[in-house]
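Colleague: Okay, predicted coordinates and the sequence, questions at the end:
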Amino acid sequence: MVGDRIEALVYIAAHELRHMWQEHGKHKNAPFPEGYVRNSRGGMSEVDTEAYALHMLRRWRHINFSKSDELAVKARHERSDEERR
């Protein structure tokens, strides 16, 4: 579930960049290259790109929300310090 436009951008960018990586990645000529489905006709895996995009979206949320949580806690401590004075 995408929450806003920024999250949509992160998701779509990760999805499309994964396709680029599948097309031009260094493991493309390996016997079982990552990002490809064995015995598929098209070669590139949409399942792989979707999984990668979801992983990157979760990672982006973790980084951004953990920072906002830290800032909220810091602001709460500063307010409580001011109230004590």
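Modeller: Everything's here; your move.
Colleague: CA atoms for contacts and neighbours, from now on please.
Modeller: Noted.
Colleague: all helices for the protein, in order.
Modeller: Ranges of helices in the chain, per DSSP state H, are 5-24, 46-84.
Colleague: Now the ones you listed in JSON lines, please, with extra columns for mean neighbour count and mean pLDDT.
Modeller: Shown next, in JSON lines, are these (neighbours: other C-alpha atoms under 10 Å; pLDDT from 0 to 100):
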{"stretch": "helix 5-24", "mean neighbour count": "16", "mean pLDDT": "90"}
{"stretch": "helix 46-84", "mean neighbour count": "13", "mean pLDDT": "80"}
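Colleague: Quick check: H15 touching Y52?
Modeller: Yes: if you go by C-alpha atoms under 8 Å, H15 and Y52 touch, sitting 6.8 Å apart.
Colleague: Let me see the contact set for Y52.
Modeller: Neighbour list for Y52: 14-15, 18 [criterion: C-alpha atoms under 8 Å, 6 or more residues apart in numbering].
Colleague: Pretty sure R18 sits against V47.
Modeller: No: look at R18 against V47 with C-alpha under 8 Å: they stay out of range, at 11.0 Å.
Colleague: closest to R59 among the contacts of Y52?
Modeller: R59 lies nearest to A14 out of the contacts of Y52, by C-alpha to C-alpha, at 11.3 Å.
Colleague: could you check the distance from the closest one over to D69?
Modeller: 25 Å (C-alpha to C-alpha, to the nearest Å).
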